[in-house]
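Trainee: Give me a model of this one.
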Amino acid sequence: MKDKKRQERGSITELIPGRCRITVSADNTLEVLNVLLGTGAVYREFEDSVTVDDPEGGSRSVTRFVVSHYTAKLLSELFEKRGIEASSESLWGLPHVLNRYKMRIGLWIGLAAALAIIVLGNSVLWEVQITGNESVPSEKIVSLLAQYGVCPGARKKDIDIDTVRSDVERESSDIAWLSINVSGTVAFVQVREEHSPQEQTDADCDGVNLVASRDGVVTGYVLSGGRPVPQIGATVKRGELLVTGIIENERMGLRIVRAAGEVMARTTHTVSVTVPLVYEESIPEKRKIVGISLFFFGYEQKLFKNYGNEGSFCDTINSVWYVYKDDRHTVPAGLVFETEMISEKTEKNRTEEEARALARLELSRKIAAETAGMTVLRSAVTESATENGITLICEMDCNENIALPVPFVLGGE
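Mentor: Have a look, this model is predicted:
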């Protein structure tokens, strides 16, 4: 059965030209043979005077034979010039498949994408994974690497790892060093962040002093190292020395230590809030997609863009749809939708009671944020009302730790 089927369809070399059956009336057999002999066309499975059903009813006698799709097109033109009615039926081959599925756009797009992925394969980066960062956002590092050619879609052979590493370390003050290891289609980037000046100095300093972070009246010490300077009840200014890391006595002489602990002080804080009586409110009207872009690895193509907006106020939001994405892997291909949130700004009025209630709510939030970790000893709120709005001012006396560690190097400036 397999041999018979292979014989019917010919060798694999006939796949591209394919096969097509031409059918003509048996009355034109002699003229058809003259055309075939005159053109030297290659044909097979020639059948003369075959009885077939007529679509209009009854039966009719026909002559039919099989040729390639290209030959069928050529013969159809010659038959038409001679007034011979002929019909063709595509049997198999590449032209048959293309003609059958030519309207299935999604199929061809998927096939093109699959072929592109196969061709690209391991020659480009698919992902950039960041590890080791704590305070520096991964998005910032990814953006910085992309500026120097390390991004999804980049050809691996074009990436100079040593150059990229030195450029990124020089460009960013937040990154002390980084390493880039390309494995397969993923670039693994390990980052070590630059420590703050205080952390850097802390590691190499000789000692640490505690100074005042703000003005206040010292109320007590809770120390694990160092010698207190001002007495309890003394008024200190911001930056004034509270606890020294230099200790000197007759028995042990001069010692350098790291002062540590808390210096409690009575401090003053002022928080104010103003709520206007007249304000603007943005009322969303509609959501409109104004642009769509196709991205495939490092390539991006804008499909359409609608410029301008219809409202007096507009927010633009970009959302990304990926072909595939999970917690570990992302295929860098998909669509970017640019959406406008169109709103209208209208002017509205508040009553004094509404403004006062809103001001009190906002003031309580600000006080909570301002006094976190402190003890409020006294507070007084004053209110002033004008034609523009309501203002609340809260003055507070608090007890808080004002000790700020400052490392120093003996003999340094």
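
Trainee: C-alpha only now, for contacts and for neighbours.
Mentor: OK.

Trainee: Which pLDDT does the model give residue 63?
Mentor: Looking at residue 63, its pLDDT stands at 86.

Trainee: Need the single longest helix in this protein, by residues.
Mentor: Counting residues, the longest helix found in the chain (DSSP state H) is helix 352-370.

Trainee: what residues does that one touch?
Mentor: 271, 272, 273, 274, 275, 276, 277, 389, 390, 391, 392 (C-alpha atoms under 8 Å, 6 or more residues apart in numbering).

Trainee: buried set for the helix or strand that that helix is followed by?
Mentor: Downstream of helix 352-370, the first helix or strand assigned by DSSP states H and E is strand 375-385. When burial is assessed from 16 or more other C-alpha atoms under 10 Å, strand 375-385 yields the following buried residues: residue 376.

Trainee: relative to helix 352-370, how tilted is strand 375-385?
Mentor: Strand 375-385 and helix 352-370 meet at an angle of 150 degrees, taking axes from the mean of the first three to the mean of the last three C-alpha atoms, to 10 degrees as the criterion.

Trainee: Name the nearest residue to the residue nearest the centre of the chain, ignoring sequence neighbours.
Mentor: Residue closest to the average C-alpha location in the chain (C-alpha atoms, centre = their mean): residue 320, at 7.0 Å. Spatial nearest neighbour of residue 320, excluding adjacent residues (C-alpha to C-alpha, 6 or more residues apart in numbering): residue 336 at 4.6 Å.

Trainee: Could you report the neighbour count for the one you found?
Mentor: Residues within reach of residue 336, counting by other C-alpha atoms under 10 Å, total 20.

Trainee: Could you list every helix and strand in contact with the helix or strand harbouring it?
Mentor: Residue 336 belongs to strand 330-349 when assigned by DSSP H and E. Where contact means 3 or more C-alpha pairs under 8 Å, 6 or more residues apart in numbering; DSSP states H and E, strand 330-349 is packed against strand 127-131, strand 278-296, strand 313-325.

Trainee: how about a cut-off of 7 Å?
Mentor: The contact analysis (3 or more C-alpha pairs under 7 Å, 6 or more residues apart in numbering; DSSP states H and E) places strand 330-349 against strand 278-296, strand 313-325.

Trainee: returning to what we had before: how close does the residue nearest to the centre of the chain get to residue 338?
Mentor: Counting by C-alpha to C-alpha, to the nearest Å, the gap between residue 320 and residue 338 amounts to 9 Å.

Trainee: do the same with residue 89
Mentor: 48 Å.

Trainee: Comparing those two, which shows the higher neighbour count?
Mentor: Counted by other C-alpha under 10 Å, residue 89 and residue 338 do not tie: residue 338 has more neighbours, with 18 against 14.
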